[in-house]
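Asker: any chance you could fold what I've pasted below:
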Amino acid sequence: MVSFAGYTDIGRQRPLNEDSIYAQDSVFLVCDGMGGHKAGEVASKLAVEAIAGFLRRSAEDPEMTWPYGYNPGLPHDANRLTTAIKLANRVVYRKSVSEADYTGMGTTVVAAMVAPGRPHMTYAHVGDSRIYRIQSGTMLQLTRDDTWANLQLAQADDDGDDDAIAPMRNVLTKALGAREEVDFSPSDLALADGDLILLCSDGLTNMLSDARILETVTRDSGDLDAACRHLTSSANEEGGRDNISVVLLRYTA
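Answerer: Just a heads-up that it's a prediction; the model follows:
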């Protein structure tokens, strides 16, 4: 069984909430939009609608077409999630080139699907929103931020110049809608009884340390809605420089 809660907050310094979340039908999404003139809000909403819509249709229609093909080397749910995110990228990209107000818009995404009746989760991400697993008092980041700093560190040797990386540390190297095609890899996770999964935008992780997040979630683990609200309020107390979005789910065997 999966129980869940989600909450999104504008924060204390932004005029508009450009984040979008989704939590239902065993599908969980957090998208953090970017772009001027409300374009980030549009991008994140389009992505959520496209991903949730395809996952819903592919669950209901076993004979539907697969616009990006079907990889027999991946599990079925991984194929579903891959296609859903690629479709979302196409929707956001086409919108971005259709009107001047939307030029350059995009969105991050973290997406998780829990298989009905099975202890199994499929997940994927593009950008710097994150997914964490909280288990037995420890918290593990399952995703790796698609940022310039991480790209440079991955390519550098042990003598990489941190000072050279610092000015562009948080610049995204990937986002939905930035290009016609997007590259990412889905992953699978076996769930254990009591596992907590946290999906969040960087409005949370830029304000709170992993230790602070773990402390809050652990304290409020019996009430996921309260945990979500306490995470966002804590991020606001630290400055709330960005929109803050969290989705928490608990797997119970």
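Asker: following the helix or strand of the chain with the lowest mean pLDDT, which helix or strand comes up?
Answerer: Between all helices and strands in the chain, the lowest mean by mean pLDDT, DSSP states H and E belongs to helix 162-165, at a mean of 55. Scanning forward in sequence from helix 162-165 by DSSP states H and E, the next helix or strand is strand 187-190.
Asker: packing partners of that next one?
Answerer: Using 3 or more CB pairs under 8 Å, 6 or more residues apart in numbering; DSSP states H and E, the elements in contact with strand 187-190 are strand 120-126. (Each C-beta comes from the backbone N, C-alpha and C, glycine too.)
Asker: ok, then the element right after the strand it packs on?
Answerer: Following strand 120-126 in sequence, per DSSP H and E, is strand 130-135.
Asker: what average pLDDT does that next one get?
Answerer: Mean pLDDT, strand 130-135: 98.
Asker: got the buried residues for that strand?
Answerer: 130-134 (16 or more other CB atoms under 10 Å).
Asker: now do stretch 91-111
Answerer: 91-93, 95-96, 102, 105-111.
Asker: same deal with stretch 119-139?
Answerer: Those would be 120-134, 139, for stretch 119-139 by 16+ other CB under 10 Å.
Asker: residue 68: which of these is nearest?
Answerer: Checking the buried residues of stretch 119-139 against residue 68 by CB to CB gives residue 124 as the nearest, at 13.6 Å.
Asker: contacts only, for the closest one.
Answerer: Residue 124 sits next to 81-82, 85, 109-111, 184-187 when contact means CB atoms under 8 Å, 6 or more residues apart in numbering.
Asker: repeat the analysis, applying 10 Å as the threshold.
Answerer: 51, 78, 81-82, 84-85, 109-113, 131, 143, 184-187 (CB atoms under 10 Å, 6 or more residues apart in numbering).
Asker: and for residue 190?
Answerer: Residues in contact with residue 190, defined by CB under 10 Å, 6+ apart, are 118-121.
Asker: now do the strands in the chain.
Answerer: Taking DSSP state E, the strands of the chain run over residues 2-9, 19-24, 27-34, 106-107, 109-114, 120-126, 130-135, 138-141, 187-190, 196-200, 244-251.
Asker: any chance of a markdown table for the ones you listed, columns distance to residue 149?
Answerer: A markdown table is the format used below for the strands of the chain (distance: least, CB to CB, whole Å):
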| stretch | distance to residue 149 |
| --- | --- |
| strand 2-9 | 26 |
| strand 19-24 | 22 |
| strand 27-34 | 17 |
| strand 106-107 | 19 |
| strand 109-114 | 19 |
| strand 120-126 | 16 |
| strand 130-135 | 15 |
| strand 138-141 | 15 |
| strand 187-190 | 22 |
| strand 196-200 | 19 |
| strand 244-251 | 22 |
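Asker: circling back: list buried residues within the contacts of residue 124.
Answerer: 51, 78, 81-82, 84-85, 109-113, 131, 143, 184, 186-187.
Asker: name the nearest of the residues you listed relative to residue 217.
Answerer: residue 131 (13.4 Å).
Asker: who's that closest one bridged to?
Answerer: Beta bridges link residue 131 to residue 199, judged by DSSP bridges.
Asker: ok, it to residue 199 distance?
Answerer: 5 Å (CB to CB, to the nearest Å).
Asker: low-confidence regions, this structure specifically.
Answerer: Residues of the chain that meet the criterion pLDDT under 70 lie in 153-168.
Asker: again, only using 80
Answerer: 36-37, 62, 149, 151-170 (pLDDT under 80).
Asker: so who does residue 119 touch?
Answerer: The contact partners of residue 119, taken as CB under 10 Å, 6+ apart, are 189-193, 195, 251-253.
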